[in-house]
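>>> coords below, sequence missing:
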């Protein structure tokens, strides 16, 4: 499957945190994705861009926190993360980029 331009709009960036590193040991990769992305769209995008077979996609939405910026009240934007579980034998090295 080849990568389409809209696939690059769905996948924003890989998430590199302690929890995401633990998930990668279980064969999963974590990406920050567009808020309106669906699981089938995420699966097609990851398979097209990275050339791997996806077993499952789980998503979470993290609500933005109310924070203070330079003394003024502000709010962080909501984020959607996709935990993409890969088939056996498939890997994505997120440290190299596209």
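It's in. For clarity, every value in this text was computed on a predicted model and none was experimentally measured.

>>> for the residue nearest to residue 53 when sequence neighbours are not counted, what are its contacts?
Of all residues not flanking residue 53 in the chain, residue 87 sits nearest, at 4.0 Å (CB to CB, 6 or more residues apart in numbering). (C-beta placed from N, C-alpha, C; glycine too.) Residues in contact with residue 87 (CB atoms under 8 Å, 6 or more residues apart in numbering) are 52-55.

>>> residue nearest the centroid of this protein?
residue 31 (1.5 Å; CA atoms, centre = their mean).

>>> circling back to that earlier point, quick one: the residue nearest to residue 53 from residue 46, how far?
Here residue 87 is placed at a distance of 11 Å from residue 46 (CB to CB, to the nearest Å).

>>> next, show the common contact partners of those two.
52, 54.

>>> hang on, the earlier thing: could you measure from the residue nearest to residue 53 over to residue 70?
Relative to residue 70, residue 87 is positioned 47 Å away (criterion: CB to CB).

>>> what of residue 11?
32 Å.

>>> again with residue 21
Where residue 70 is concerned, residue 21 sits at a distance of 33 Å (CB to CB).

>>> residue 88 too?
Distance, residue 88 to residue 70, using CB to CB: 50 Å.

>>> and for residue 25?
Counting by CB to CB, the gap from residue 25 to residue 70 is 40 Å.

>>> same deal with residue 86?
42 Å.

>>> out of these two, which sits in the busier spot?
residue 86 (21 against 5; other CB atoms under 10 Å).

>>> quick one: contacts for that one?
Listed by CB under 8 Å, 6+ apart, the contact partners of residue 86 are 27-29, 52-55, 92.

>>> wait, isn't residue 76 in contact with residue 67?
Yes: when contacts are counted by CB atoms under 8 Å, residue 76 is listed as touching residue 67 (6.0 Å).

>>> mind putting the contacts of residue 87 into TSV with neighbour count?
Compiled in TSV, the contacts of residue 87 are given as follows (neighbours: other CB atoms under 10 Å):
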residue	neighbour count
52	17
53	13
54	19
55	14
